[in-house]
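K.L.:
Give me a model of this one.
(chains A, B, C and D)
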2 protein chains.
Amino acid sequence: MSATSKPRYQQLKDRIIGQISDGELRPGDRVSSENQLAHSSKVSRMTANRALRELTDEGYVERIAGRGTFVLDRRASSHVRDVQNIADEIARRGHQHSCRVLRATRRRARGELASALDTPPGASIYHLQLVHFENSVPIQVEDRDVVASFAPACLEQDFSRITPSAYLTSICPLQEAEQVVRAELPRPEVRDWLQMKSQEPVLVVLRRTWARGRPVSFARLQHPGSRYELSGHYRPNESEFAQATDVVQLEALSK
Amino acid sequence: MSATSKPRYQQLKDRIIGQISDGELRPGDRVSSENQLAHSSKVSRMTANRALRELTDEGYVERIAGRGTFVLDRRASSHVRDVQNIADEIARRGHQHSCRVLRATRRRARGELASALDTPPGASIYHLQLVHFENSVPIQVEDRDVVASFAPACLEQDFSRITPSAYLTSICPLQEAEQVVRAELPRPEVRDWLQMKSQEPVLVVLRRTWARGRPVSFARLQHPGSRYELSGHYRPNESEFAQATDVVQLEALSK
DNA sequence: GGGTCTAACCTGTATATACAAGCCAACGAA
DNA sequence: TTCGTTGGCTTGTATATACAGGTTAGACCC
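P.N.:
Sure, this is the predicted structure:
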């Protein structure tokens, strides 16, 4: 409730983050100076300074004394929901997300899948297969099984508009996640979907998510090793989960 | 005094972090109030406020309006240490750890390494290269740079008995870790050391660790993709980070 | 033209001041 | 005793002001 409204520096931060997400401010763009923000937002320069300084700490912008404040291409902060939803990650980098649905079918749980999702053999499972694009470059093949009883309307969703993980969290907040990261060589069709050179490895994330105390989804996420990495920052108290980042810039820099 | 001394809020942060590291301030203890710090450190309250606020963001302390500032319990440091030390991981699996030292030399920081370790160019850096074995099977190539001023006796250690990360934590508990996970193809010599088939990818972990508020070590850890994976488990409250596991058992199960 | 200098920006830090709101112990009235 | 008030501490935010030091464009001089 906004009985007491948010602090002004936070409002300013939110506005700038919104502009970055909307594409109004693109990576490399210059953000208004402290004095301009102070004037246009009717706050003091110190308040604008705090907003921009915190955005710097959170990895949204870079500040260069004497020149100005510039939108960064990647974001260092992280939360589980960021990891969950690749569309959010991409938006936060100021890039364009798109998606192609390869498959959306129903099948019956059996064997390892049934035990992984803790369902009786023969239970209904929705199987989704999608390719996610960042600025039209393929960045992830998502292979996901969803417990049908948890998300009955799953197959009716338009997953080119809302990602599976966003849809799942819209049903019920995820309570737990379990994941394994591996390096593998991709199967040929995956390599083609991701437009990878031969012999280039994929970074695979196997992730099982829980809601209402039961496993609801098992995902196998494959990323091209040369264009994607997982980063994380850990502090003893508040340890944070890995976050995905593309590494295109790093490759460009290393040349 | 250095040419341009550190900002006062940073000096204050450093002093408090030091007191926490030394045990002078223990978890749960109350830190002096902003007004007390301002008076005792001869700074304004706003400067003390900034120092304490940043320490909050960095997870060192917790602040409660009306009550005060309290040192947080960094109990999860054991988690970071677990991830740090491959010998512990292997022991936990009931396996035998051994290690071969390939290189232990001194070199000078420059370029990216100097900035990653936040040292002036030309500062002394120890460079270690080791292969770790689990039950005589090579499982990790460790390539580590250590800030010499943090661990002066580094090169005298017998790293076949104590791993570099165990040695570093024995000097001072690690407070922070930052890591990136990638899938790559190994260089030929790494492939040989790890006894990998050709075309098999490596799972690479780049990890920078912090102690006493400064980066002290940068490690590049390479693991055979077919024998190693990173697993993690996340719960909303008590989030825990990745743990390494070998995947021999998993492979056996999948047959 | 080519080099230099300066003025006008920018960020970064530091301070004094102000007010709001949370917390708690001490005090006093019922 | 018990309840409520109050005063003094705390953090949290917001502002105006000041100065230091980086950057750049354009004026200026040779």
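
K.L.:
what residue ranges in the stretch 151-255 of chain A score low on pLDDT?
P.N.:
Scanning the stretch 151-255 of chain A with the threshold set as pLDDT under 70 gives A:173-175, A:213, A:233-255.

K.L.:
So which bits of the stretch 1-150 of chain A are right by DNA strand C?
P.N.:
A:4, A:31, A:33-36, A:45-46, A:49, A:52-53, A:56, A:63-69 (Cβ under 7 Å from any atom of the strand). C-beta coordinates here come from the backbone N, C-alpha and C atoms, glycine included.

K.L.:
What's the PyMOL syntax to select whichever of these are buried?
P.N.:
Selecting only the buried entries of these in PyMOL, with 16 or more other Cβ atoms under 10 Å in any protein chain shown as the criterion:
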select buried, chain A and resi 31+34+49+52+53+69
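
K.L.:
Which of the residues of the stretch 1-150 of chain A next to DNA strand C fall within strands?
P.N.:
The strands, defined by DSSP state E, take in A:31, A:63, A:64, A:68, A:69 from these.

K.L.:
Just put these in CSV and tack on distance to DNA strand D and pLDDT.
P.N.:
CSV is the format used below for these (distance: Cβ to the nearest atom of the strand, whole Å; pLDDT from 0 to 100):
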residue, distance to DNA strand D, pLDDT
A:31, 16, 97
A:63, 11, 96
A:64, 6, 95
A:68, 9, 96
A:69, 13, 97
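
K.L.:
residue contacts, residue A:31?
P.N.:
When contacts are counted by Cβ atoms under 8 Å, 6 or more residues apart in numbering or on different chains, residue A:31 touches A:16, A:25, A:37, A:52, A:61, A:68, A:69, A:70, A:71.

K.L.:
Quick check: beta-bridge partners of it?
P.N.:
Beta bridges link residue A:31 to residue A:69 when assigned by DSSP bridges.

K.L.:
Repeat that for residue A:130.
P.N.:
residue A:101, residue A:142.

K.L.:
What's the local residue count around it?
P.N.:
For residue A:130, the count of nearby residues is 21 (other Cβ atoms under 10 Å in any protein chain shown).

K.L.:
try residue A:9
P.N.:
Neighbour tally, residue A:9, other Cβ under 10 Å: 20.

K.L.:
separation between it and residue A:65?
P.N.:
20 Å (Cβ to Cβ, to the nearest Å).

K.L.:
how about the helices in chain A?
P.N.:
For chain A, helices defined by DSSP state H occupy the ranges A:8-22, A:34-40, A:45-57, A:80-84, A:86-92, A:111-116, A:164-171, A:188-193, A:248-254.

K.L.:
got the angle between the first one and helix A:45-57?
P.N.:
Here helix A:8-22 runs at 50 degrees with respect to helix A:45-57, directions being taken by axes from the mean of the first three to the mean of the last three Cα atoms, to 10 degrees.

K.L.:
Could you export the helices of chain A as a markdown table, including distance to DNA strand D?
P.N.:
Below are the helices of chain A laid out as a markdown table (distance: least, Cβ to the nearest atom of the strand, whole Å):
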| stretch | distance to DNA strand D |
| --- | --- |
| helix A:8-22 | 3 |
| helix A:34-40 | 7 |
| helix A:45-57 | 3 |
| helix A:80-84 | 22 |
| helix A:86-92 | 23 |
| helix A:111-116 | 43 |
| helix A:164-171 | 27 |
| helix A:188-193 | 42 |
| helix A:248-254 | 19 |
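
K.L.:
wait, which of these is closest to chain B?
P.N.:
For those, the distance to chain B is smallest for helix A:80-84, at 5.8 Å, taking Cβ to the nearest Cβ.

K.L.:
hmm, back to that, what's the most distant pair in the ones in strands among the residues of the stretch 1-150 of chain A next to DNA strand C?
P.N.:
A:31 and A:64 (11.5 Å; Cβ to Cβ).

K.L.:
which residues are common contacts for the two?
P.N.:
Common neighbours of residue A:31 and residue A:64 (Cβ under 8 Å, 6+ apart) are residue A:70.

K.L.:
tell me the contacts of the closest residue in space to residue A:150 that isn't next to it in sequence?
P.N.:
In space, and not counting its chain neighbours, residue A:150 is closest to residue A:216: 4.4 Å by Cβ to Cβ, 6 or more residues apart in numbering or on different chains. If you count contacts by Cβ under 8 Å, 6+ apart, residue A:216 has them with A:117, A:146, A:147, A:150, A:151, A:168, A:172, A:174, A:209, A:210.

K.L.:
what about residue A:216, distance to DNA strand C?
P.N.:
With distances taken as Cβ to the nearest atom of the strand, to the nearest Å, residue A:216 is found 36 Å from DNA strand C.

K.L.:
For that residue, give its distance to residue A:104.
P.N.:
17 Å.

K.L.:
ditto for residue A:69
P.N.:
Distance from residue A:69 to residue A:104, by Cβ to Cβ: 43 Å.

K.L.:
closest point of the stretch 51-200 of chain A to chain B, which residue?
P.N.:
residue A:183 (3.6 Å).

K.L.:
Quick check: that residue touching residue A:200?
P.N.:
No: Residue A:183 is not in contact with residue A:200 according to Cβ atoms under 8 Å; the separation is 10.9 Å.

K.L.:
Are any of the contacts of residue A:216 buried, and if so which?
P.N.:
A:117, A:146, A:147, A:150, A:151, A:168, A:174, A:209, A:210.

K.L.:
and residue A:7, how many neighbours?
P.N.:
If we define neighbours as other Cβ under 10 Å, then residue A:7 has 12 of them.

K.L.:
And the pLDDT at it?
P.N.:
Residue A:7 is assigned a pLDDT of 95 by the prediction.

K.L.:
Let me see the domain layout of chain A.
P.N.:
A:8-71, A:80-254 (automatic domain parsing).

K.L.:
how far is the first one from where the chain is centred?
P.N.:
Read it as domain A:8-71. 22 Å (Cα atoms, centre = their mean, to the nearest Å).

K.L.:
Next, count neighbours for residue A:202.
P.N.:
Neighbour number of residue A:202 under other Cβ under 10 Å is 27.

K.L.:
close enough to count as contact, it and residue A:187?
P.N.:
No: Residue A:202 is beyond contact range of residue A:187, at 9.1 Å (criterion: Cβ under 8 Å).

K.L.:
related to what we said a few turns ago, and the contacts of residue A:31 as a markdown table, adding distance to residue A:139?
P.N.:
Output for the contacts of residue A:31, formatted as a markdown table (distance: Cβ to Cβ, whole Å):
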| residue | distance to residue A:139 |
| --- | --- |
| A:16 | 25 |
| A:25 | 22 |
| A:37 | 33 |
| A:52 | 30 |
| A:61 | 23 |
| A:68 | 30 |
| A:69 | 28 |
| A:70 | 24 |
| A:71 | 20 |
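
K.L.:
Next up, the contacts around the residue of chain A found nearest DNA strand D.
P.N.:
Closest residue of chain A to DNA strand D, Cβ to the nearest atom of the strand: residue A:66 (2.4 Å). By Cβ under 8 Å, 6+ apart, residue A:66 lies in contact with nothing.

K.L.:
quick one, phi psi at it?
P.N.:
Backbone geometry at residue A:66, expressed as degrees, to the nearest 10, gives phi 90, psi -20.

K.L.:
quick revisit: closest to residue B:157 among the contacts of residue A:31?
P.N.:
residue A:61 (42.1 Å).
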